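Undergrad: Prediction below, plus the sequence it came from.
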Amino acid sequence: MNVRQLELSRRTIAVAAALIGTVSLVIGAHAALNMRAIDAAKAVSTDQVTGSIGQSSRLALVIGNGHYPDASAPLTQSINDARALSSSLRKNGFDVDMVEDATKDDMVRAVNRLKSRIKRDTVVMLFFGGYGVQAGRESYMLPVDAAIWKESDVRRQGVSIDGVLDMMKEQGAKAKLVVVDASRRNPYERRFRSYSHGLAPISAPDNALILSSASPGKVVDDGKGEHSVLVSEFLTNLNAQGSAESVFNKTRVAISRASEGDQVPTISSSLLEDVHFGEAAGG
């Protein structure tokens with residue numbers, strides 16, 4: 001090999017080395033960009049999952065029953081109440097399962113859906129608007145397809161509010177909120193009782209807050225407004241924000257004052273958690 005050929009070989013090697021170095025830098029930069037993209041994707045995914053967990057920590061089952069075949073007229077307020085309350089609860093971070101004119105099967109399925117989603121950090125709320133009947137020492141939510149002729153039919157055809165509360169407790173819910181707007185004269189109790197007894201007292205299990213539209217054993221007449229008196233006042237206080245206990249208590253006081261003591265909602269509380277609505281709705 002002569003001198004000229006040797007110089008050409010050295011130049012070729014140098015050029016090749018330079019090209020290899022350049023390609024390596026490009027590959028390295030591309031890999032770095034890919035890693036950044038992957039990290040960014042992971043961050044977005046984590047944020048989405050975290051957000052999903054945060055939203056699912058508040059669950060609500062809202063049932064509005066209005067069209068009972070045995071009633072002389074539909075309960076239009078119950079449907080309106082369920083829709084308005086569902087909208088307000090969603091704004092307060094609740095994942096709402098709303099059921100209208102629910103049959104017994106509809107109600108059982110809804111309760112089972114709720115049961116499957118309750119976790120240890122879950123705040124759970126139950127609302128029922130419709131007809132309720134007490135049997136023994138329990139209060140029952142009545143489905144629209146209830147066929148009731150005697151008191152034992154209530155236990156078989158209805159859904160026990162105490163039973164739903166027990167389920168929430170067994171699932172380990174963080175806090176349990178219940179609003180029952182069912183202290184109405186209904187077409188069933190007249191068949192096996194001389195007068196309407198309203199609802200039985202609903203005892204709050206551990207860490208629960210319960211609001212019922214009237215005192216135990218009392219019934220109230222529906223007004224002519226779009227919403228029942230209970231839900232109308234409850235929505236006003238809910239939208240004004242505050243702690244759950246404050247919202248429930250203000251609702252009770254407002255109704256009692258407006259009715260001059262004729263309608264006094266009942267509150268039962270064993271709440272230990274600091275549950276808030278509105279801007280402070282993180283707990």
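TA: Now that the structure is in, tell me what you want to look at.
Undergrad: Show the residue spans covered by the strands in the stretch 151-283 of the chain.
TA: In the stretch 151-283 of the chain, the strands defined using DSSP state E, counting those that start in this stretch lie at 159-160, 175-181, 208-212, 242-243, 266-269, 276-277.
Undergrad: which stretch among these comes nearest residue 228?
TA: strand 175-181 (5.4 Å; CB to CB). (Each C-beta comes from the backbone N, C-alpha and C, glycine too.)
Undergrad: to the chain's geometric centre, what's the distance from the closest one?
TA: Once both centres are worked out by CA atoms, centre = their mean, to the nearest Å, strand 175-181 turns out to sit 10 Å from its chain's centre.
Undergrad: could the strands of the stretch 151-283 of the chain be laid out in TSV, adding distance to residue 232 and mean neighbour count?
TA: Listed next are the strands of the stretch 151-283 of the chain as TSV, based on distance: least, CB to CB, whole Å; neighbours: other CB atoms under 10 Å:
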stretch	distance to residue 232	mean neighbour count
strand 159-160	25	18
strand 175-181	10	26
strand 208-212	14	24
strand 242-243	17	16
strand 266-269	17	16
strand 276-277	16	22
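Undergrad: for these, which one sits closest to residue 128?
TA: Residue 128 sits nearest to strand 175-181 of all these, at 5.5 Å, using CB to CB.
Undergrad: Other residues contacting stretch 215-234?
TA: Applying CB atoms under 8 Å, 6 or more residues apart in numbering, the contact partners of stretch 215-234 are 75, 77-78, 80-81, 84-85, 129, 179, 181, 183-185, 196-201, 211, 213-214, 235, 247, 250-251, 254-255, 258-259, 263-266.
Undergrad: So among those residues, which ones count as buried?
TA: Taking 16 or more other CB atoms under 10 Å as the criterion, what is buried in the contacts of stretch 215-234 is 75, 77-78, 80-81, 84-85, 129, 179, 181, 183-184, 196-201, 211, 213-214, 235, 247, 250-251, 254-255, 263-266.
Undergrad: who's in contact with the residue nearest to the spatial centre of the chain?
TA: The centre of the chain sits closest to residue 60, judged by CA atoms, centre = their mean, with a distance of 1.3 Å. Shown in contact with residue 60 (CB under 8 Å, 6+ apart): 86, 89, 94-97, 124-127.
Undergrad: Helix, strand, or coil at it?
TA: On the three-state scheme (DSSP: H, G, I helix; E, B strand; the rest coil), residue 60 is labelled strand.
Undergrad: so what's it bridging to?
TA: When bridges are called by DSSP bridges, residue 60 pairs up with residue 96, residue 125.
Undergrad: gap between it and residue 176?
TA: The spacing between residue 60 and residue 176, counted by CB to CB, to the nearest Å, is 11 Å.
Undergrad: so what sits against both of these two?
TA: Joint contacts of residue 60 and residue 176 (CB under 8 Å, 6+ apart) are 124-126.
Undergrad: any chance of the strands of the stretch 151-283 of the chain in a markdown table, with mean pLDDT and distance to residue 141 too?
TA: Formatted as a markdown table, the strands of the stretch 151-283 of the chain follow (pLDDT from 0 to 100; distance: least, CB to CB, whole Å):
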| stretch | mean pLDDT | distance to residue 141 |
| --- | --- | --- |
| strand 159-160 | 98 | 5 |
| strand 175-181 | 97 | 8 |
| strand 208-212 | 96 | 12 |
| strand 242-243 | 92 | 26 |
| strand 266-269 | 95 | 16 |
| strand 276-277 | 90 | 24 |
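Undergrad: Turn these into TSV, including distance to residue 67.
TA: Shown next, in TSV, are those (distance: least, CB to CB, whole Å):
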stretch	distance to residue 67
strand 159-160	17
strand 175-181	16
strand 208-212	23
strand 242-243	34
strand 266-269	27
strand 276-277	30
